[in-house]
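Asker: task: produce atomic coordinates for the following.
(chains A and B)
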Number of protein chains: 2
Amino acid sequence: MSVETSHILAEHAFDRSLVRWIMKRVGNPSISIRLWNGDEFWVTETRPVACMEFCERRAVFELLRSPSVGFGECYSTGLIEIHGDLLAFANEVTSAITRQRDGRYYGPRIRSMLYAIRSNTLARSWRNVHHHYDLGNEFYKLWLDERMVYTCAYFDTPGASLAEAQVAKLEHVCRKLKLRPGQKVIEAGCGWGALALHMAEHYGVNVVAYNNSSEQVAFAREKAAANGVDNLVRFVEDDYRNIDERCDAFVSVGMLEHVGLTNFRRLGELIKRSLKPEGIGLIHSIGRSHPQRMDPWIVKHIFPGGHVPSLGEMMAVFEPQQLSILDVENLRPHYARTCAMWLENFETVADEVAEMYGEAFARMWRLYLAGSSAGFQSGTLQLYQVLFAPRGSNNVPWTRDYQYLGEPGTH
Amino acid sequence: MSVETSHILAEHAFDRSLVRWIMKRVGNPSISIRLWNGDEFWVTETRPVACMEFCERRAVFELLRSPSVGFGECYSTGLIEIHGDLLAFANEVTSAITRQRDGRYYGPRIRSMLYAIRSNTLARSWRNVHHHYDLGNEFYKLWLDERMVYTCAYFDTPGASLAEAQVAKLEHVCRKLKLRPGQKVIEAGCGWGALALHMAEHYGVNVVAYNNSSEQVAFAREKAAANGVDNLVRFVEDDYRNIDERCDAFVSVGMLEHVGLTNFRRLGELIKRSLKPEGIGLIHSIGRSHPQRMDPWIVKHIFPGGHVPSLGEMMAVFEPQQLSILDVENLRPHYARTCAMWLENFETVADEVAEMYGEAFARMWRLYLAGSSAGFQSGTLQLYQVLFAPRGSNNVPWTRDYQYLGEPGTH
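Answerer: Predicted coordinates for the structure are as follows:
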């Protein structure tokens, strides 16, 4: 063996042990590794679900520097490649990480609180939401359903398509709120308006829907006119914090994640102020089984300023206002499937996206969708629908039969 | 006017203004007042729902000293009498108090935490539970349903009797747990055994049920033998903290209220340890819309050592263990009706109770049942059923259809 060969072998051994060390830190997922130098090995003895290729040596150091941001950025720029099924890879790695972190509580909780100190001022909130949503309607149209619903769907029947499951979700929310014609509904954070339009069209309620993304509001207003419900729905281009009306029902689907922990109390005050004493409300939000800060890569590249709360943390919205919780439903498996379906749609237009926004963006978005699906599949992420009412209200259903069988029961 | 007459009138005016001051502090309920000296007046201009008589002057000072304990003790000993419907009186006073306290948060929350520092040691816990439950099976038989279920019933149909609604509750719990024949269930705090027996008889599961009240365990064992399920159900006379087995389902109905806030974390550890990774659990407990200490009279005379937690406080059981919440249902109106039905039953045997335990005890118990019903009616008290599973388990139902329509769906 020449000195050079033995030098190369020693270097290989060093690189491999570095990668093994990284893999150990993420719980030893059953994947295989391919290095830039041609070296290949399995992380565990179990058959790998996919192969992770380090295309250049510096990808290893990026992961050492920051496992989450490093991996996300290397995948986006192509320094890391995944061969095989990206979703299977994401599921395997996420479940390995969560298995390993099982049982930690105070560390994540303290980081969650420290993280919350980054406050969401009005100005920053506007910027944060724009970062994500003003990618343009054209982008989201490519891979969302026709109603442009960008929140967890509800697969009430096993074979439901994404579009069907999104309508089922809108229905599920409306049923829980026991909407009656002529009622006034406030929606905080209405996206492209699908829920507001559904409520007006199918329940004959008057909706005021808030959203601070101008492109989305323009889209929603156009739809309202086209569907002939612009007399029932008013889309307001403004921050939810400027709501100053009263309503029979308050609803917010997929906004709480953007609000930030430190603003929960103020959101609760606003709800209490807006809701009539016999009113009812629903907040639909991504959640956690325990307090945990956001994934650093997601914060840096996807959702700046967000916070995904545990159910306990969510109580900061309700308990100081003595809003009493009527019903909480966890739709976690539904969001795993929703994200997987978005990913499927996205794959069919990935080339188009790469042309519009660049290859790195397309790869980043693919990873975000696969990672989100894996997060819900593994239980790192939860999806809570929280139904609530002012504490003293007896205008509440006795049972939940009505959500499944029809009319609410009054005893 | 003689000097004496004017002296009497001045004294009357003073007493009346003292009572008015007390009424103002409890939110001016629409009741009338009768004093020992024959003076009578309405507290508000609204027609009174009942009349509260101060039979002796010292009752006023007892109320000044401590509104809750003073009232409870004076009513028990007959220093205060309620003329008219006791439940209507309790509802009116409770809702007046809660209307007035609306909006307070930090004060009650801090008192709730300070109160929690009273720890529930094993020895004290035993004593506390005995205080309430070892009044004797004979006492509870007088006014509970035939199955001796001493927790919130579930009125799934409007005309349901108490006995029917208690069976419906047992069913509702079993359905939520998706019990399958041959599974192992641990029940913590099983009362007279109705749920354990129901699970064994109707779902063919093996139950280990814990209770530290020997009289109740004896009763439950007898029933199990009589119903021919003593091969499926094992009643253990021991504190729940000594549970050291593993199970497919963990259930606890009406025990958390006795556990005490400082023991929530340990209860969670025990559940995590007992539950298989694909297991499921349910905790059914009285709750609050926001943290609040127990009523001092209830603590002194009815439930020493208990704490009724808010949903946020309950999360101390689940979040540190990364148990994820699947489903929360609030059955508050059902408990208002359950307590009202217990009160109705109790009134029919009140004389018998007075003979067995004394007049003061009978009056105390009547007030406790009326006050509890009023607490649930007004929203001072809530009733939560919390369904949960280890975070990573995907052995969870997709929708809640199965709770209402039959078999759980798997997608």
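Asker: per-domain residue ranges of chain A.
Answerer: A:3-101, A:111-405 (automatic domain parsing).
Asker: for the stretch 251-400 of chain A, what lies in contact range of chain B?
Answerer: Within the stretch 251-400 of chain A, the residues that sit near chain B (CB under 8 Å from any CB of the partner chain) are A:289-291, A:310-312, A:315-316, A:318-320, A:322-330, A:332-334, A:337, A:377-379, A:382, A:384, A:391-394, A:396, A:398-400. Every C-beta, even on glycine, is put in place using the N, C-alpha and C of the backbone.
Asker: now the buried members of these.
Answerer: A:289-291, A:310-312, A:315-316, A:318-320, A:322-330, A:332-334, A:337, A:377-379, A:382, A:384, A:391-393, A:396, A:398-400 (16 or more other CB atoms under 10 Å in any protein chain shown).
Asker: which of the residues of the stretch 251-400 of chain A next to chain B fall in strands?
Answerer: Applying DSSP state E to these, the entries found in strands are A:323-330, A:382, A:384.
Asker: ok, so of those residues, who is nearest B:Arg234?
Answerer: Sorting those by distance to B:Arg234 puts A:Asn330 at the head of the list, at 32.0 Å, by CB to CB.
Asker: contacts for stretch A:137-151, please.
Answerer: A:162-163, A:166-167, A:169-170, A:191-192, A:194-195, A:197, A:215-216, A:219, A:253-254, A:284, A:342, A:345-346, A:348-349, A:352-353, A:356-357 (CB atoms under 8 Å, 6 or more residues apart in numbering or on different chains).
Asker: got it, and stretch A:193-202?
Answerer: A:147-149, A:166-167, A:170-171, A:173-174, A:179, A:185, A:187, A:190, A:205-207, A:209, A:211, A:216-217, A:219-221, A:223-224, A:227, A:229, A:232-233, A:235, A:251, A:253.
Asker: report the angle between the longest helix along chain A and strand B:323-330.
Answerer: What stands out as the longest helix in chain A, according to DSSP state H, is helix A:332-357. Computed by axes from the mean of the first three to the mean of the last three CA atoms, to 10 degrees, the angle separating helix A:332-357 from strand B:323-330 equals 110 degrees.
Asker: okay, and for the stretch 251-400 of chain A, where does confidence drop off?
Answerer: The model of the stretch 251-400 of chain A has no residue with pLDDT under 70.
Asker: same thing but at 80, please
Answerer: Scanning the stretch 251-400 of chain A for pLDDT under 80 picks out the ranges A:305.
Asker: please enumerate the helices of the stretch 51-200 of chain A.
Answerer: A:58-65, A:67-77, A:86-101, A:106-116, A:122-133, A:137-141, A:162-176, A:194-203 (DSSP state H, counting those that start in this stretch).
Asker: among those, which is the most enclosed?
Answerer: helix A:194-203 (a mean of 23; mean count of other CB atoms under 10 Å in any protein chain shown).
Asker: for it, list the C-alpha coordinates in PDB.
Answerer: C-alpha atoms of helix A:194-203 as PDB (Å, rounded to 0.1, in the frame of the first residue of the first chain):
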ATOM      1  CA  ALA A 194     -62.500  29.500   0.600                       C
ATOM      2  CA  LEU A 195     -64.000  29.100   4.100                       C
ATOM      3  CA  ALA A 196     -65.600  32.600   4.000                       C
ATOM      4  CA  LEU A 197     -67.100  31.800   0.600                       C
ATOM      5  CA  HIS A 198     -68.300  28.400   1.700                       C
ATOM      6  CA  MET A 199     -70.000  29.800   4.800                       C
ATOM      7  CA  ALA A 200     -71.800  32.500   2.800                       C
ATOM      8  CA  GLU A 201     -72.800  30.100   0.000                       C
ATOM      9  CA  HIS A 202     -74.000  27.200   2.100                       C
ATOM     10  CA  TYR A 203     -75.000  28.700   5.400                       C
END
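Asker: so the most centrally placed residue in chain A is in which element?
Answerer: Residue closest to the mean C-alpha point of chain A, counted by CA atoms, centre = their mean, is A:Ile286 at 5.7 Å. For A:Ile286, the element it lies in under DSSP states H and E is strand A:275-287.
Asker: which helices and strands does the helix or strand following that strand pack with?
Answerer: Next in sequence after strand A:275-287, counting helices and strands by DSSP H and E, comes helix A:296-297. Using 3 or more CB pairs under 8 Å, 6 or more residues apart in numbering or on different chains; DSSP states H and E, the elements in contact with helix A:296-297 are helix A:67-77.
Asker: by contact count, what packs against the helix it packs on?
Answerer: helix A:58-65, strand A:80-84, helix A:296-297, helix A:359-378.
Asker: sheet partners, orientation included, of the strand holding A:Ile286?
Answerer: strand A:247-253 (parallel), strand A:382-390 (antiparallel) (DSSP bridges).
Asker: output those as a markdown table; include the columns distance to A:Gly371.
Answerer: Putting the strands paired with strand A:275-287 into a markdown table (distance: least, CB to CB, whole Å) gives the following:
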| stretch | distance to A:Gly371 |
| --- | --- |
| strand A:247-253 | 22 |
| strand A:382-390 | 15 |
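Asker: re earlier: least reliable of the helices of the stretch 51-200 of chain A going by mean pLDDT?
Answerer: The weakest mean pLDDT among the helices of the stretch 51-200 of chain A belongs to helix A:122-133, with a mean of 58.
Asker: restricting to C-alpha, output stretch A:170-185 in CSV.
Answerer: This file holds the C-alpha atoms of stretch A:170-185, laid out as CSV (Å, rounded to 0.1, in the frame of the first residue of the first chain):
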residue,chain,number,x,y,z
LEU,A,170,-64.8,23.5,5.4
GLU,A,171,-68.1,21.7,6.2
HIS,A,172,-66.6,20.2,9.4
VAL,A,173,-65.7,23.7,10.6
CYS,A,174,-69.1,25.1,9.7
ARG,A,175,-70.9,22.3,11.4
LYS,A,176,-68.9,22.7,14.6
LEU,A,177,-69.8,26.4,14.6
LYS,A,178,-73.6,25.6,14.2
LEU,A,179,-73.9,28.4,11.7
ARG,A,180,-77.4,29.7,11.1
PRO,A,181,-78.6,32.0,8.2
GLY,A,182,-78.2,35.7,9.0
GLN,A,183,-75.5,35.3,11.6
LYS,A,184,-72.4,37.4,11.6
VAL,A,185,-69.1,35.6,11.3
